[in-house]
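Novice: Could you work out the structure for the sequence below:
(one chain, ligands or ions: 1)
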Amino acid sequence: MRVLAINDISCVGKCSLTVALPIISAAGITCDILPTAILSTHTGGFRGYTFRDLSEDIPAVLKHWKSLGLQYDFIISGYLGSIAQIEMVKSVKDDFLKKNGTFIVDPVMGDNGILYSHFAQNFVNEMKGLCEIADVIVPNLTEACFLTATPYGEFDEQGYDDLLDKLKKLCARPSVTGCDIVENGCTRSAVFYTDENGTTKKYSTEKISGAFHGAGDVYGSALVGALARGVHLDDAVRIAAEFTKDSIVQTKKDATEPRYGLNSESQMFRFLSALEKATK
Ligand code: PXL
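Specialist: A predicted model of the protein is given here:
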């Protein structure tokens, strides 16, 4: 199994490729990378960060890869710095994804109801086009709302089901993270997702209060790692959600600044043990 992760390198702050590469590799899967930009830190919570767009370098990289005849079982795309890069990802999918391969899009655009800096409505519209050619999309709740022109706010379970129905018009298998639900009087954090048969399901974990940067990257990377290992979608969602929750719990215990990302390193063994169990 060979995965290509298309994402930026945020040198500090543990997100995008600095999360995808260790998690997918630890899952036992070869993870090649196509960096879209190099930033001194990610853009969520730091000021004065540097941003080098790597778009100019990408055509030569892809030309070289074509000469090697590279083909991928999975391609996952994440943070894209421009509309031109969305178009580039579409052509990478056409040229480098195996016939029966899986294309996963993390439509990284925002969090907590707002778009990240650099993004506006025209980017959202183009991102919808990318989601339309994906097999699986992994938006957070904010991104799911922008993709479906749904006002961001509080949802009940029917509201999440309706949101998934709208997303299904874009992509058959959406998986939305960060959906708060109330079960037996307790707030829990759920992933709402659609399985291979088109049925919407949910998987919930304990809700840890606070905003934790990079949680979506940990979830998406663990999901790809599990799917690439041949784990069924239901188990892959469960394992990825538990790993993300465990990483959040540890990060909260560490009391590090949330903008520095999740301590997923400490939970890697647990994640791999769950993966081993699911693949036996
Ligand atoms: O974690 C998502 C992400 C990825 N890449 C960059 C970001 C963010 C979120 O802020 O700024 C550069």
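
Novice: Just to check, residue 222 is in contact with residue 271?
Specialist: Yes. Shown here, residue 222 and residue 271 form a contact pair, counting by Cβ atoms under 8 Å, at 6.3 Å. In this view, the C-beta of every residue, glycine as well, is placed from N, C-alpha and C.

Novice: Determine the residues that are contacts of both of those two.
Specialist: With contacts defined as Cβ atoms under 8 Å, 6 or more residues apart in numbering, the residues adjacent to both residue 222 and residue 271 are 23, 27, 239, 243.

Novice: Look at the last one and report its pLDDT.
Specialist: Put plainly, it is residue 243. Note on residue 243: pLDDT of 98.

Novice: For the nearest residue to it once chain neighbours are set aside, give its distance to residue 131.
Specialist: Once flanking residues are discounted, residue 243 sits nearest to residue 271: 4.2 Å by Cβ to Cβ, 6 or more residues apart in numbering. Distance of residue 271 to residue 131, given as Cβ to Cβ, to the nearest Å: 27 Å.

Novice: what about the strands in this protein?
Specialist: 2-12, 30-41, 51-53, 72-77, 97-105, 110-111, 114-115, 136-137, 173-183, 186-194, 200-206 (DSSP state E).

Novice: quick revisit: ok, of the shared contacts of residue 222 and residue 271, which one's closest to the ligand?
Specialist: The shortest gap between the ligand and any of the shared contacts of residue 222 and residue 271 belongs to residue 23, at 13.4 Å (Cβ to the nearest ligand atom).

Novice: ok, and which of the strands of the chain has the densest surroundings?
Specialist: strand 136-137 (a mean of 26; mean count of other Cβ atoms under 10 Å).

Novice: what's the average pLDDT for it?
Specialist: Here the average pLDDT along strand 136-137 is 98.

Novice: Over to stretch 110-123?
Specialist: 93.

Novice: can you check stretch 193-207 too?
Specialist: 96.

Novice: Please report the distance of the residue nearest the centre of the chain from residue 59.
Specialist: Geometric centre of the chain, nearest residue: residue 220, 3.5 Å, by Cα atoms, centre = their mean. From residue 220 over to residue 59 the distance is 26 Å, taken as Cβ to Cβ.

Novice: can you check residue 111 too?
Specialist: Distance, residue 111 to residue 59, using Cβ to Cβ: 31 Å.

Novice: before we move on, the earlier item: which one's more surrounded, residue 271 and residue 131?
Specialist: The neighbour count for residue 271 versus residue 131, taken as other Cβ atoms under 10 Å, is higher for residue 271 (24 against 19).

Novice: got a pLDDT number for that one?
Specialist: Model confidence at residue 271 (pLDDT) stands at 98.

Novice: Just give the nearest non-adjacent residue to residue 267, would you?
Specialist: residue 246 (4.2 Å).

Novice: quick one: contacts for residue 258?
Specialist: By Cβ under 8 Å, 6+ apart, residue 258 lies in contact with 45, 210, 211, 212, 213, 251.

Novice: Quickly name whichever of the residues you listed is closest to residue 35.
Specialist: Taking Cβ to Cβ as the measure, residue 213 is the one of the contacts of residue 258 closest to residue 35, at 19.3 Å.

Novice: if I read this right, that closest one contacts residue 256, doesn't it?
Specialist: No. Residue 213 is beyond contact range of residue 256, at 10.5 Å (criterion: Cβ under 8 Å).

Novice: Around the ligand, which positions in the protein sit nearby?
Specialist: Contact residues (Cβ under 6 Å from any ligand atom) of the chain with the ligand: 8, 10, 15-16, 39, 42-44, 79, 108, 116, 214, 217.

Novice: Residue 213 and residue 256 - which one has more neighbours?
Specialist: More crowded of residue 213 and residue 256, by other Cβ under 10 Å: residue 213, with 22 against 13.

Novice: got a list of what the more buried one touches?
Specialist: Neighbouring residues of residue 213 by Cβ under 8 Å, 6+ apart: 13, 14, 15, 42, 44, 45, 258, 259, 260, 261, 262.

Novice: Then residue 238?
Specialist: Neighbours of residue 238 in contact, by Cβ under 8 Å, 6+ apart: residue 203.

Novice: Kindly provide the distance from it to residue 222.
Specialist: Distance from residue 238 to residue 222, counting by Cβ to Cβ: 10 Å.

Novice: Alright, I will stop here.
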